[in-house]
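Q: Next input, structure requested:
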Amino acid sequence: MSALSLRLPDSVHRHIKELARQEGVSINQFISSAVAEKVSAIATEDYLQQRAQRADKPAFQRLLARVPEREVLSGDEL
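A: Numbers count the residues shown, from 1 in each chain. Below you'll find the predicted structure:
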């Protein structure tokens with residue numbers, strides 16, 4: 001495991017301290033989890049963008065055209 005020195009504005013530190021307390025974890029654990037979530041979100045976005053580049057849009061349109069028209073279920077409205 002690596003150590004990292006991090007400088008934060010006092011206001012951010014206060015918020016992190018309170019949120020960590022509410023979650024019942026240390027500040028270190030809270031920050032580590034937050035960074036891991038951000039890394040995961042960026043990696044997921046990159047993966048989806050790469051997948052989108054390989055998409056066959058005409059094939060997708062053909063597939064959608066095969067979906068039957070049905071009444072919208074309650075809760076699924078736009």
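Q: C-alpha from now on. contacts and neighbour counts both.
A: Fine.
Q: how close does residue 11 get to residue 17?
A: 10 Å (CA to CA, to the nearest Å).
Q: Those two: which is more packed in?
A: Applying other CA atoms under 10 Å to residue 11 and residue 17 shows that residue 17 carries more neighbours, namely 18 against 9.
Q: got a list of what the more buried one touches?
A: residue 27 (CA atoms under 8 Å, 6 or more residues apart in numbering).
Q: That one: what secondary structure?
A: The three-state assignment at residue 17 reads helix, by DSSP: H, G, I helix; E, B strand; the rest coil.
Q: Name the helix or strand for the one residue sitting closest to the centre of the chain, please.
A: In the chain, the C-alpha nearest the mean C-alpha coordinate belongs to residue 41, at 4.1 Å (CA atoms, centre = their mean). Residue 41 belongs to helix 27-53 when assigned by DSSP states H and E.
Q: following that helix, which helix or strand shows up next?
A: helix 57-65.
Q: do you know how far residue 10 is from residue 24?
A: 21 Å.
Q: Find the nearest non-adjacent residue to residue 31, please.
A: residue 16 (7.9 Å; CA to CA, 6 or more residues apart in numbering).
Q: quick one: low-confidence ranges for this structure?
A: Within the chain, not a single segment meets pLDDT under 70.
Q: Just give me the neighbour total for residue 38.
A: Residue 38: 11 neighbours (other CA under 10 Å).
Q: hey, C-alpha coordinates of stretch 57-66 in CSV?
A: Below are the C-alpha coordinates for stretch 57-66, written out as CSV (Å, rounded to 0.1, in the frame of the first residue of the first chain):
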residue,chain,number,x,y,z
LYS,A,57,-25.9,1.4,-36.0
PRO,A,58,-27.8,0.1,-39.1
ALA,A,59,-28.1,-3.3,-37.4
PHE,A,60,-29.3,-1.6,-34.2
GLN,A,61,-32.0,0.3,-36.1
ARG,A,62,-33.1,-3.0,-37.8
LEU,A,63,-33.3,-4.6,-34.4
LEU,A,64,-35.4,-1.8,-33.0
ALA,A,65,-37.7,-1.9,-36.0
ARG,A,66,-38.7,-5.5,-35.0
